[in-house]
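A.B. asks: Quick one, what's the 3D model for this:
(2 chains)
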Amino acid sequence: MQTTEPPRQSDKDVIFEARDVSVSFDMEGDESRVLDSVDFDVYRGETLGVVGESGSGKSMFASALLNAVVEPGQVTGDVTYYPEDRDPVTVTDLTESELKEEIRWKEMAFVVQSAQSAFNPTMTIRQHYIETLEAHGVGRQEGLERARELCRDLYLNPEQVLPSYPHELSGGMKQRALLALGVILDPEVVVLDEPTAALDLLMQRAIVSLLADIKEKYDLTLVFVTHDLNLISLIADRLAVMYAFEFIEVAPTERILNDAAHPYTRALLNAVPTISAPISTMTGIPGSTPNPKDVPAGCSYNPRCPIAKEECRIDDPQLDPIHEEHSAACFYPDEARSEIGIPATGGGDDEEGGR
Amino acid sequence: MSADEPVVSMDDATVQFESEQLFGLAKSQVVRAVDGVSLDIRENEVVALVGESGCGKTTLGKAAIGLHRPESGTVSYRGTDIWEAKDASGLFGGSVDGYPFHEIRRSLQMIHQDAESSLDANSTIQSILEEPLIRWEPQLSRPDRRDRVGAFLDYVGLSPPDEYIDRFPHQLSGGEQQRVALIRALLMNPDMILADESISALDVSLRIDMMDLMLRLQDEINTSYLFITHDISNARYITKKSDGRIGIMYLGNLVEIGPVEEVITNPQHPYTKALLWATPDIASSGGRIGAEGIEAAPLRAIDVPDAANPPSGCKFHDRCPEAREVCEEVQPDSYRVDGDHETACFRMLDDHEYWSSPELEGEMGDQLATPD
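C.D. replies: Next up, the predicted model:
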């Protein structure tokens, strides 16, 4: 499987390799592609932030990595998982029961947005932990000791949380309890899909810090999917920006924030209100995101792009390297950078704003 | 405060709810969602209320437009007590001195977070939007109404209007629905609009445009906005652009309020500081946090206390890094920082006993200590 094109980047220790991965839904005879032929490598030990607006395909990418796309979604292409000391596993070839036995929780955990629905309301948190431990043949004593430690790592009092039913905990406590469940079997990778979206500001920020802490402590690879660029920039080593069911730019976080090369990424940086940037630099993105049945020909962003040219309406730019560790799917990255100002480059100079 | 009378004035207003326990078998629990708040909203002013869920900001907003009756304290519209006006209209259809209730109702409008559910799913955009016109401008003919609705749709960017006017709400995107809800509120020619998390559900790329639209329309029809959000960055944008104020709420109290730039760059209340810490900023930090992790949080506990059983004294004391013993016992009043900037923290007073009161013990994570 390593012989498929394009080849792996040799100098990086890859833990996930996605090749030509698509997810489609069959809507009354019409095929909707909600993830469109994605090639992507996740590096071992990194915190990867996958950023996009709703309907950009970011959650589908997360689900596809774990072969957890819900019916009737269909996954095509290959996702290969490279364990540290065993042979690679093609995740997309495994059956549901093989996945459950060999991969899920033990190797890779999935933490979703709605902790509410992830827990069974008739079981205590302790019972959830025990169920997961026993299903994977981990001793109850040893496993629960680890659960207690994880709870404390996440600022939960285990004596209070373990005997509780889900409804007895606040949203933030439930989300942390779910995070502890995700890490209880000592996985290599944790994929988090909007894990903080339903939570309050202070809790979001606290959980992001806690994630950074437990990532270090337990030596994890994190894939964090979110719409919140401000938040993910705090902990991501790399950011991958999705638009219209594809990755359109990938780079180390600092480069995305300071030197983004794709016009959409730059527009997004300007569209996110912050507490310090001059408000005169903030501006929305005209137009709307394409729906899967109606993706524009050529570059999917061309109808909204201020620097689009004829070529962009005809050819679809590939996600190509424009710099070391920095790729962008745009024919005119230099022009994007000179034409579209962003907050980091002092896109605006007017502190006063005013109408 | 200033010569002109506020549009809405809340004076020491308290709103509480009773929640039944065990289907009414046990004692009911009283939650004081808004606890003694005073707030004036002036003509054409934008006030953004920021706080976390459960802090009472929505209840406060609804009380400000006469949808929740305060248990104590008053809420007035241009000097007329809203609930006295209501009671008077209920008894004899008569009126008190001042504005009649039905006019107050019309003058204070609301747009919701979930625009779709606030629009009648079985009506077209035309009939949703002409309803207020039929009521408030009965002299308009049918074609006139259609023209008026069409002009508004065009103005908010739903153009050509003929493409939208006969559609149903579910045939519009979230951003389009939100704009229809805004038009509907504006057609009432209101003096104040409560916008409750009305941009939170929109995609990032649409939020600025929606706030710009609200402000552009404000210029046209002269309305104030009470803008409720959990997001201090959005609050900053809309208030800075309109020279407005930001109020910070915590467990039913307005803990800090002032001109936007004052609150953001010179915050005084420890809770405001915590909220700002929790608001990451790609524009200033340029990215990643260091290894400081959670220890750097300006908080002594990360979980919010139960609103039904709030801490004594200052309600923030159990999480506040600056708390001293007096904060457990006495609830601070609101003290002036400077000009329009006020905060409910003893630290504003140089000669307060706070400064000689012993510091409260405890740091983040102390509650986790377990007998191992």
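
A.B. asks: correct me, but residue B:213 touches residue B:157?
C.D. replies: Yes. Residue B:213 is within contact range of residue B:157, at 7.5 Å (criterion: Cβ atoms under 8 Å). Every C-beta, even on glycine, is put in place using the N, C-alpha and C of the backbone.

A.B. asks: Quick check: neighbours shared by those two?
C.D. replies: With contacts defined as Cβ atoms under 8 Å, 6 or more residues apart in numbering or on different chains, the residues adjacent to both residue B:213 and residue B:157 are residue B:179.

A.B. asks: Which of those two has more residues huddled nearby?
C.D. replies: A direct count of neighbours by other Cβ atoms under 10 Å in any protein chain shown for residue B:213 and residue B:157 places residue B:213 higher, at 20 against 12.

A.B. asks: Quick check: that one is in a helix.
C.D. replies: Yes. Counting by DSSP: H, G, I helix; E, B strand; the rest coil, residue B:213 is located in a helix.

A.B. asks: Identify the residues contacting it.
C.D. replies: Residue B:213 touches B:156, B:157, B:179, B:182, counting by Cβ under 8 Å, 6+ apart.

A.B. asks: what about 10 Å?
C.D. replies: By Cβ atoms under 10 Å, 6 or more residues apart in numbering or on different chains, residue B:213 lies in contact with A:284, B:155, B:156, B:157, B:175, B:178, B:179, B:182, B:183, B:206.

A.B. asks: which residues of the stretch 201-350 of chain A fall in helices?
C.D. replies: Read by DSSP state H, counting those that start in this stretch, the stretch 201-350 of chain A holds these helices, from start to end of the chain: A:201-218, A:229-232, A:253-259, A:263-271, A:310-314, A:333-339.

A.B. asks: Name the nearest residue to residue B:335, ignoring sequence neighbours.
C.D. replies: Distances taken as Cβ to Cβ, 6 or more residues apart in numbering or on different chains place residue B:348 nearest to residue B:335, at 4.0 Å, with adjacent residues excluded.

A.B. asks: hang on, I meant residue B:277
C.D. replies: Closest to residue B:277 by Cβ to Cβ, 6+ apart is residue B:298, at 5.3 Å.

A.B. asks: Now do the same for that neighbour: its pLDDT.
C.D. replies: Residue B:298 is assigned a pLDDT of 88 by the prediction.

A.B. asks: Can you classify it by secondary structure?
C.D. replies: coil.

A.B. asks: Run through the residues that contact it.
C.D. replies: Per Cβ under 10 Å, 6+ apart, neighbours of residue B:298: A:202, B:270-271, B:273-278, B:319-322, B:364.

A.B. asks: Helix, strand, or coil at the most centrally placed residue in chain B?
C.D. replies: In chain B, the centroid-proximal residue (Cα atoms, centre = their mean) is residue B:228; its distance is 3.1 Å. For residue B:228, the assignment made with three-state DSSP gives strand.

A.B. asks: now residue B:12
C.D. replies: Relying on three-state DSSP, one would call residue B:12 strand.

A.B. asks: Which residue is the nearest non-sequential neighbour of it?
C.D. replies: With Cβ to Cβ, 6+ apart, the residue lying closest to residue B:12 is residue B:73, at 3.9 Å.

A.B. asks: check contacts around that neighbour.
C.D. replies: Counting by Cβ under 10 Å, 6+ apart, the residues that residue B:73 touches are B:10, B:11, B:12, B:13, B:14, B:15, B:34, B:35, B:36, B:37, B:38, B:63.

A.B. asks: Give me the next element, helix or strand, following the host helix or strand of it.
C.D. replies: If you go by DSSP states H and E, residue B:73 is part of strand B:72-77. For strand B:72-77, the succeeding helix or strand toward the C-terminus, using DSSP H and E, is strand B:80-81.

A.B. asks: Adjacent strands (with direction) for that following strand?
C.D. replies: strand B:72-77 (antiparallel) (DSSP bridges).

A.B. asks: The partner strand: how far from the chain's middle?
C.D. replies: With Cα atoms, centre = their mean, to the nearest Å as the basis, strand B:72-77 stands 17 Å off its chain's centre.

A.B. asks: residues of that strand that come out buried?
C.D. replies: Of all the residues in strand B:72-77, those buried under the rule 16 or more other Cβ atoms under 10 Å in any protein chain shown are B:73, B:75, B:76, B:77.

A.B. asks: Kindly reformat these as a markdown table containing pLDDT.
C.D. replies: As requested, the buried residues of strand B:72-77 are exported to a markdown table (pLDDT from 0 to 100):
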| residue | pLDDT |
| --- | --- |
| B:73 | 97 |
| B:75 | 97 |
| B:76 | 97 |
| B:77 | 96 |
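
A.B. asks: Tabulate those residues (CSV), appending distance to residue B:332.
C.D. replies: Below are the buried residues of strand B:72-77 laid out as CSV (distance: Cβ to Cβ, whole Å):
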residue, distance to residue B:332
B:73, 18
B:75, 23
B:76, 25
B:77, 29
